[in-house]
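Enquirer: Just need the structure, nothing else, for what follows:
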Amino acid sequence: MVRIFLTLIFLILAGAAKSGCEIDISEYVGWEIIYAGQITGYIDESGDIVNRFRGCKRGRILIVDKDKTVTCNEYSYSYAYRPEIAVISNGYDRKACIDDEIYDLK
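Expert: Presented below is the predicted three-dimensional model:
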């Protein structure tokens, strides 16, 4: 029964989010996808928009689908051109799955 439930959750995450995010979802039981889209850039320290993804840095504002934003709460370098993102929440914390990596969000 638990295996069926986890399989269902995985299919929902994989299909609905369209994020290409492959993670161990057993760590996120009770979390829900609150947004799925594509990172279209970030805002650098001088306030300029940079049209690529270069990982997270505490306080970095990522632009999602050109009109939404999320703010990183940790450092992790990565590079990708317009990667897909799935934002998940448990009601208290928010995390982003980008290119199979989990990032803490503010």
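Enquirer: who's in contact with the residue nearest to Y79 when sequence neighbours are not counted?
Expert: In space, and not counting its chain neighbours, Y79 is closest to R54: 5.6 Å by C-beta to C-beta, 6 or more residues apart in numbering. Using the backbone N, CA and C atoms, a C-beta is placed for each residue, glycine as well. Contacts for R54 were tallied using C-beta atoms under 8 Å, 6 or more residues apart in numbering; they are 42, 77-79.
Enquirer: same check, this time on K95
Expert: Applying C-beta under 8 Å, 6+ apart, the residues contacting K95 are 28, 31, 87-89, 102-105.
Enquirer: count of residues packed around N73?
Expert: 18 (other C-beta atoms under 10 Å).
Enquirer: Spatially nearest residue to it (excluding sequence neighbours)?
Expert: D104 (4.2 Å).
Enquirer: Surely the one you found is in contact with S76?
Expert: No - counting by C-beta atoms under 8 Å, S76 is not a contact partner of D104; they are 9.3 Å apart.
Enquirer: if we can go back for a sec, in a strand, the residue nearest to N73, correct?
Expert: Yes - assessed with DSSP: H, G, I helix; E, B strand; the rest coil, D104 lies in a strand.
Enquirer: so it bridges to which residues?
Expert: Under DSSP bridges, the beta-bridge partners of D104 are K95.
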